[in-house]
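# my questions concern the predicted model and sequence given below.
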Amino acid sequence: MNKKSFKFSLPSILAGIKKIPWILGRCAFSVVLILIAIDLILGVMLVYNYIFAVEASQPQTTESPSTFKSDIYKGILKEWQVRDQKLQNNQFQGVF
């Protein structure tokens with residue numbers, strides 16, 4: 001048995017690549033139809049994934065409602081007041 005060794009050389013690969021536009025040009029109508037079909041399939045998949053599948057899935061809700069922590073809010077409010085007073089007293093002169 002003869003074993004054929006498959007050696008790929010750069011000129012043979014380039015020659016094959018140069019034939020691709022000619023092959024596509026010979027059957028341009030079929031290529032255009034195939035590309036349109038691929039585009040339609042991808043478009044339908046995107047619409048389904050991002051519109052219909054999102055609407056169909058149930059949103060996850062938390063069992064306990066979030067509570068307002070007034071002590072944390074008051075701490076933040078005090079920090080803002082301190083910053084505001086520093087700005088009004090011009091303690092930040094020559095920042096730029």
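Happy to help now that I have it.
# how near is Ile13 to Arg26?
Ile13 sits 21 Å away from Arg26, going by Cβ to Cβ, to the nearest Å. Every C-beta, even on glycine, is put in place using the N, C-alpha and C of the backbone.
# what's the answer for Asp71, then?
77 Å.
# Ser12: neighbouring residues, count only.
Using other Cβ atoms under 10 Å, Ser12 has 10 neighbouring residues.
# which stretches of this protein aren't confidently modelled?
1-6, 56, 58-59, 61-62, 91-96 (pLDDT under 70).
# give me that answer again for 80
Applying pLDDT under 80 to the chain picks out residues 1-8, 52-66, 90-96.
# all helices for it, in order.
10-26, 28-47, 53-56, 70-88 (DSSP state H).
# can you tell me which of those helices is nearest to Ser64?
Of all these, it is helix 70-88 that lies closest to Ser64, at 17.7 Å by Cβ to Cβ.
# check which helices and strands that closest one is in contact with.
Helices and strands in packing contact with helix 70-88 are not found; criterion 3 or more Cβ pairs under 8 Å, 6 or more residues apart in numbering; DSSP states H and E.
# how about it as CSV, C-alpha atoms only?
What follows is helix 70-88, C-alpha atoms only, in CSV (Å, rounded to 0.1, in the frame of the first residue of the first chain):
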residue,chain,number,x,y,z
SER,A,70,-32.2,54.7,58.9
ASP,A,71,-29.0,54.6,60.9
ILE,A,72,-26.9,54.0,57.8
TYR,A,73,-28.9,56.7,56.0
LYS,A,74,-28.3,59.2,58.8
GLY,A,75,-24.5,58.4,58.8
ILE,A,76,-24.3,59.1,55.0
LEU,A,77,-26.4,62.3,55.5
LYS,A,78,-24.0,63.5,58.2
GLU,A,79,-21.0,62.8,55.9
TRP,A,80,-22.6,64.9,53.1
GLN,A,81,-23.3,67.7,55.5
VAL,A,82,-19.6,67.7,56.6
ARG,A,83,-18.5,67.8,53.0
ASP,A,84,-21.0,70.6,52.2
GLN,A,85,-19.7,72.7,55.1
LYS,A,86,-16.1,72.2,54.0
LEU,A,87,-17.0,73.5,50.5
GLN,A,88,-18.9,76.5,51.9
